[in-house]
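S.K.: let me see the structure of the following:
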Amino acid sequence: MQLLLSIRRSRKETAIPVDRSLLRRFAPILTLILVMIWWQAITLFQLIPAFLVPPPIEVARQFIEVIENGLLLRHTWVTLQEVLVGLTLGVSFALFLGYLIAESPLLEDFLSPLIVALQSTPVVAYAPLLIIWFGSGMTSKVITCALIVFFPMLMNTIVGIRSVPRNLRDLMRVLQANRWQTFLKLEIPSALPVLLTGLKTSATLAVVGAVVGEFINASAGLGFLINLARNQFDTPLVFVGVISLAVMARVLYGIVAVLERRLLIWKKF
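M.R.: The predicted structure is shown next:
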């Protein structure tokens, strides 16, 4: 009898994690379904005028139209290029400067006023200056994107490097590890969780930076498409642009999340 009770209890204990894992796997889909139901209910009962919030079917039709004529793909590719280049430049420079600041408090004292002043200024304020200096092409959008991702990645780099335990640094000295070995085998693995968290934040902010530049002055890109649709009072097309930006940010975030799981698999053991 006790054996049967223990078997039933073990079955219940093993069933709960499986159910939770399935729920976590399908949670994003369930959330999307609930949003769609809520959206359809608002338009069905006319709680908000249709010219402000169009029905989902109208947005779906607009999606199909701009995909077929190539308009969405063309503008999405322009924005994606700006995001990827700006993200790469911003993150690379933040990692380099963040490491130097983490190792040199004196350098932090010199640069912190400039960095804080730059970050505290809204990107919308200096985006017009970047367009004046670098033109209305891709360069100004890339720089805007790089600037907006720079500060969070810089802070995470500083925090990650400075969070390396002191006793491990002492151990590396005892083992006579040189500077490069300490960097590769201690500092990077120890700071990697914080660095990847900053990269996930930067990946989503990169989309914001590119679109801000496109809102100011552009001839292509999803920001330009949204501006064009707004001026034409084409609300479904505005929704198409906004949803495309959200999908782009989510995909970039997901890529970094997958990279995080692969690189930090050792934390599970």
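
S.K.: ok, the most centrally placed residue in the chain - contacts?
M.R.: The residue lying closest to the centre of the chain (Cα atoms, centre = their mean) is residue 204, at 2.2 Å. Counting by Cβ atoms under 8 Å, 6 or more residues apart in numbering, residue 204 makes contact with 249, 252-253. C-beta here means a position set from N, CA and C on the backbone, and glycine is covered the same way.

S.K.: what about 10 Å?
M.R.: 149, 152, 246, 248-250, 252-253, 256 (Cβ atoms under 10 Å, 6 or more residues apart in numbering).

S.K.: those residues, buried ones only, as a ChimeraX selection?
M.R.: Applying 16 or more other Cβ atoms under 10 Å to the contacts of residue 204, the buried members can be selected in ChimeraX as follows:
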select :149,152,248,249,252,253,256
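
S.K.: can you name the two of the contacts of residue 204 that are farthest apart?
M.R.: Greatest spatial distance among those (Cβ to Cβ): 152 and 246, at 19.4 Å.

S.K.: low-confidence regions, the stretch 51-200 of the chain specifically.
M.R.: By pLDDT under 70, the stretch 51-200 of the chain has no low-scoring segment.

S.K.: quick one, helices of it?
M.R.: 56-68, 71-103, 105-120, 123-134, 138-162, 166-174, 179-182, 188-216 (DSSP state H, counting those that start in this stretch).

S.K.: now do the longest one: distance to the chain's middle.
M.R.: It refers to helix 71-103. In terms of Cα atoms, centre = their mean, to the nearest Å, the centre of helix 71-103 is set 11 Å apart from its chain centre.

S.K.: correct me, but residue 178 touches residue 172?
M.R.: Yes: counting by Cβ atoms under 10 Å, residue 178 touches residue 172, with 9.2 Å between them.

S.K.: neighbour count winner among the two?
M.R.: Taking other Cβ atoms under 10 Å, residue 178 and residue 172 do not tie; residue 172 has more neighbours (18 against 8).

S.K.: the more buried one - nearest residue in space that isn't next to it in sequence?
M.R.: Closest residue in space to residue 172, ignoring its immediate chain neighbours: residue 182 at 4.8 Å, by Cβ to Cβ, 6 or more residues apart in numbering.
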